[in-house]
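1. Show me the folded form of this:
(chains A, B, C, D, E and F)
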6 protein chains.
Amino acid sequence: MPPQRHARGLAILQQINPLSANALFNELAGICPDLSNFVTEFAYGDIYARAGLTLAQRELVTLSALAALGNATPQLKSHIVGALNAGCTRQEIIEVMLQISVYAGFPAAINGMLATKEVFTQLDQAAATP
Amino acid sequence: MPPQRHARGLAILQQINPLSANALFNELAGICPDLSNFVTEFAYGDIYARAGLTLAQRELVTLSALAALGNATPQLKSHIVGALNAGCTRQEIIEVMLQISVYAGFPAAINGMLATKEVFTQLDQAAATP
Amino acid sequence: MPPQRHARGLAILQQINPLSANALFNELAGICPDLSNFVTEFAYGDIYARAGLTLAQRELVTLSALAALGNATPQLKSHIVGALNAGCTRQEIIEVMLQISVYAGFPAAINGMLATKEVFTQLDQAAATP
Amino acid sequence: MPPQRHARGLAILQQINPLSANALFNELAGICPDLSNFVTEFAYGDIYARAGLTLAQRELVTLSALAALGNATPQLKSHIVGALNAGCTRQEIIEVMLQISVYAGFPAAINGMLATKEVFTQLDQAAATP
Amino acid sequence: MPPQRHARGLAILQQINPLSANALFNELAGICPDLSNFVTEFAYGDIYARAGLTLAQRELVTLSALAALGNATPQLKSHIVGALNAGCTRQEIIEVMLQISVYAGFPAAINGMLATKEVFTQLDQAAATP
Amino acid sequence: MPPQRHARGLAILQQINPLSANALFNELAGICPDLSNFVTEFAYGDIYARAGLTLAQRELVTLSALAALGNATPQLKSHIVGALNAGCTRQEIIEVMLQISVYAGFPAAINGMLATKEVFTQLDQAAATP
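-> Okay, the predicted model is just below:
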């Protein structure tokens, strides 16, 4: 039943990056809430919920696609947080960006690396705030 | 020294997909052998040789970038073999193609999946040949 | 309930391009039948089934995206047939390819136009076969 | 004669989005006014002026290409206005962005949808200003 | 007057790659001859005919765009011939493909290099035919 | 030996755009200094250092790839400066952006042209500062 897909997707979003998902859903509420449902139900409830890859593997694979395509910086930053929450190390994320230089060129790798730095810096600042 | 980069790259190519690398290097010999060296030394000797990700992780990340970009079918097929040789399971490769549907759309996912099927079928036929 | 999404998607596929959909599903059966279900349920059952655009409008919009991206020729050809079955005229399809020259350049427009010609020729030959 | 192409293109630009075209032409005046002429004469005088698709259809097709390519946000926003002026409904534009999720993935669809929201909000604010 | 644009474009096509242009125009005759005119008049009559870059420079720049985008192999091969006819050396073309590895990754560079090899081989075979 | 590649790359960066390279290397220092080395050694020490194309030719070819891909504005702006420092004229750079309209469409050409204008304006302002 659809409620299962929805609940399953929300549970994964909750685990990976609830702040970012909520911000997106709030933004979409004023224009097309159905898109939030498709993200939750198809992307997370159907695909991310599958066995066969761990959540951490799915996030590394996602970072690679987003950095290679190079036209989705907000989603890239959101999934850098998601990758950390799924258990990836900072070094693994950095290595994905280096790997991208081989397949999509240096600008994609550099822009992905600078987005990574920006996210890491924000997380460090948030952690340092008493 | 460069010889180290070259030897290190060749060793990884030998482990991942020597047939495909040799075929490429033979093709490039007649037009630009330096490109073979850049592939060996930079892509494999510098990047693939790094710690921080396993070879299997690097191959999954590579499959994701290649399937998302969608303009490099020969390289995609070659790295499907490489992923298997690096220890990835068939199911992991299939899941990468499904994951791509979320970030690059269904045509990229379908074309990546059919390339995957083609490689698996070739490997099965080769294995079945007495 | 999911059965509704599946049945709804299949009904639209039946209307638009059943031959091509069946061929794809047969190919995917040997590697990942779940991908056929995601195509049927999400792409057709969730998206194509929506009000707000006619099927003919959705097909023109689809042709534009596929021709602009330029990396999905099999899907482009399949949706040229789909556009005709959804009620688009041949001239409308030709005009979409011309429109693409402005936004994605002449190679994308030319390659989309030649794919269009190939599909029209096949349809004419099939119609001429007694 | 070229003057016809120029006048024809300007007339369509006047109908679709004169503010945005004027702003662009002012910007280009300081670097390459010929590019403004090519936009006016080729894109609008030659292509948009053709029969075979209505202006509204051409705008939906354009939105689809721009959202799928994902690397031309200013042009996407300008054509969201153009689509409304050509007679498209807000719902039709929203549906184009949803359709894009199938062919270019969710990030392209989400970024297109948020650009749509931004344009609609600006138009609403302008309309509410006494 | 348009006849000037047309004649100017045809003259450049005649100089660069008449065989390939004629083959394309013959193919397009059966589906959309207007597209042949837009190629002749806009691409060649308006753009290639400009001062500011030599034809040889325009061809190198074109090869770079086509190899980087990676979705227009027929056009890439046609412009490799065009570059030679415009006075570029074989080595210059090879170097463009290497340069692409930095900005669009190794698969784009390798596929561009192999297309280059194919064209050079065909030209050599044609030249060797008594 | 690697020191040669590094020194050779740094010398070319010094000649082309030292300010931009230093800014990038400072940014990367906090996340992945190895990426700075790969840029210096592979992109500049291996590729830009080759004979077969002049530095000015390499920069024009680079501008074409970056403008066509359209997803690397910071790198595009940096190489507009680099092209001027390598001896390209302003008119040659403008012509590359016009050429892109044929192969990657008008949005890529317009966005490349506006980036060009921004860089030229900044250089003029810097030159006018006493």
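2. elements contacting whatever helix or strand residue A:3 lives in?
-> For residue A:3, the host element (DSSP states H and E) is helix A:2-16. With contacts taken as 3 or more CB pairs under 8 Å, 6 or more residues apart in numbering or on different chains; DSSP states H and E, helix A:2-16 sits against helix A:55-69, helix A:73-85, helix C:2-16. For every residue, glycine as well, the C-beta is placed using N, CA and C.
3. I'd like to check which residues are in contact with the residue lying closest to residue A:4 once chain neighbours are set aside.
-> In space, and not counting its chain neighbours, residue A:4 is closest to residue A:45: 7.6 Å by CB to CB, 6 or more residues apart in numbering or on different chains. By CB atoms under 8 Å, 6 or more residues apart in numbering or on different chains, the contact list for residue A:45 reads A:4, A:5, A:6, A:7, A:8, A:9, A:10, A:12.
4. What subset of the residues you listed is buried?
-> Neighbour-count burial within the contacts of residue A:45 applies to A:5, A:8, A:9, A:10, A:12; the criterion is 16 or more other CB atoms under 10 Å in any protein chain shown.
5. so can I have a markdown table of those showing pLDDT?
-> Listed next are these as a markdown table, based on pLDDT from 0 to 100:
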| residue | pLDDT |
| --- | --- |
| A:5 | 97 |
| A:8 | 97 |
| A:9 | 98 |
| A:10 | 97 |
| A:12 | 97 |
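6. picking that back up, so how far is the helix holding residue A:3 from its chain's centroid?
-> Helix A:2-16 sits 15 Å away from the centroid of its parent chain (CA atoms, centre = their mean, to the nearest Å).
7. How about stretch A:70-90?
-> 4 Å.
8. and that stretch, is it in reach of chain E?
-> No. If you take CB under 8 Å from any CB of the partner chain as the test, stretch A:70-90 misses chain E, and the best it gets is 10.5 Å.
9. center of chain A - which residue?
-> With distances taken as CA atoms, centre = their mean, the residue of chain A nearest its centroid is residue A:79 (1.8 Å).
10. Would you check that it makes contact with residue A:60?
-> No. Residue A:79 is beyond contact range of residue A:60, at 9.5 Å (criterion: CB atoms under 8 Å).
11. on that earlier part again, ok, the contacts of residue A:45 vs residue D:90, which is closest?
-> Proximity of the contacts of residue A:45 to residue D:90 (CB to CB) peaks at residue A:6, which lies at 26.1 Å.
12. The closest one contacts residue A:40, correct?
-> Yes. Between residue A:6 and residue A:40 there is a contact under CB under 8 Å: 5.8 Å.
13. quick one: the residue nearest to residue A:4 from residue E:46, how far?
-> 51 Å (CB to CB, to the nearest Å).
14. which residues touch stretch A:48-56?
-> With CB under 8 Å, 6+ apart as the test, stretch A:48-56 has contacts from A:8-9, A:12, A:15-16, A:58, A:61, A:83, A:86-88, B:60, B:91-92, B:94-96, B:98-99.
15. same question for the lengthiest helix in chain A, mean pLDDT?
-> Secondary structure of chain A per DSSP state H: the longest helix is helix A:106-128. Average pLDDT, helix A:106-128: 97.
16. when you scan it, is anything in it near chain B?
-> No. Judged by CB under 8 Å from any CB, helix A:106-128 stays clear of chain B, getting no closer than 8.9 Å.
17. For chain C, what's its nearest residue on chain A.
-> Nearest to chain C in chain A, going by CB to the nearest CB, is residue A:42, at a distance of 4.8 Å.
18. How many neighbouring residues does that residue have?
-> 23 (other CB atoms under 10 Å in any protein chain shown).
19. is it true that it touches residue C:47?
-> No. Assessed by CB under 8 Å, residue A:42 is found out of contact with residue C:47, at 9.7 Å.
20. which residues of chain A score low on pLDDT?
-> Where chain A drops to pLDDT under 70, the residues are A:1-2.
21. and if we set it to 80?
-> A:1-3, A:130 (pLDDT under 80).
22. Which positions in it make contact with chain F?
-> Proximity of chain A to chain F, by CB under 8 Å from any CB, involves residues A:69-71, A:94, A:97-98, A:101, A:106-111, A:113-114, A:116-117, A:120-121.
23. cutoff 7 Å now
-> Contacts of chain A with chain F, taken as CB under 7 Å from any CB of the partner chain, map to A:70-71, A:94, A:98, A:101, A:106-107, A:109-111, A:113-114, A:116-117, A:120.
24. Surely residue A:75 and residue A:66 touch.
-> Yes. Counting by CB atoms under 7 Å, residue A:75 sits close enough to residue A:66 to count as a contact (5.6 Å).
25. Please say which of these two ends up with more neighbours.
-> For residue A:75 versus residue A:66, the count of surrounding residues by other CB under 10 Å is larger for residue A:66: 31 against 24.
26. how many other residues sit next to the nearest residue to residue A:83 once chain neighbours are set aside?
-> Of all residues not flanking residue A:83 in the chain, residue A:59 sits nearest, at 3.8 Å (CB to CB, 6+ apart). Counted with other CB under 10 Å, the neighbours of residue A:59 add up to 28.
27. Then the one 3 residues further on?
-> Per other CB under 10 Å, the neighbour tally for residue A:62 reads 30.
28. Hmm, it is touching residue A:78, no?
-> No. Here residue A:62 does not reach residue A:78: they are 9.8 Å apart, not a contact under CB under 7 Å.
29. Now tell me what touches stretch A:97-107 from outside.
-> Here stretch A:97-107 makes contact (CB atoms under 7 Å, 6 or more residues apart in numbering or on different chains) with A:64, A:67-68, A:70, A:108-109, A:112-113, A:116, B:43, B:47, B:50, B:58, B:61-62, B:65-66, B:69, E:102-107, F:32, F:35, F:38-39, F:43, F:66, F:72, F:75.
30. Buried ones only from the residues you listed, please, as a PyMOL command.
-> To isolate the buried members of those in PyMOL, using 16+ other CB under 10 Å:
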select buried, (chain A and resi 64+67+68+70+108+109+112+113+116) or (chain B and resi 43+47+58+61+62+65+66+69) or (chain E and resi 102+103+104+105+106+107) or (chain F and resi 32+35+38+39+43+66+72+75)
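31. ok, back up a step: mind picking the two most distant members of the buried ones among the contacts of residue A:45?
-> A:5 and A:12 (11.1 Å).
32. Quickly list what's touching both of those two.
-> With CB under 7 Å, 6+ apart as the test, residue A:5 and residue A:12 reach no residue in common.
33. quick one, phi/psi of residue A:39?
-> Note on residue A:39: backbone dihedrals following degrees, to the nearest 10 are phi -60, psi -50.
34. Spatially nearest residue to it (excluding sequence neighbours)?
-> The shortest distance from residue A:39 to any residue other than its chain neighbours is 6.0 Å, reached at residue D:106 (CB to CB, 6+ apart).
35. quick one, domains of chain A?
-> Per the record, chain A has its domains at A:1-50, A:53-130, by automatic domain parsing.
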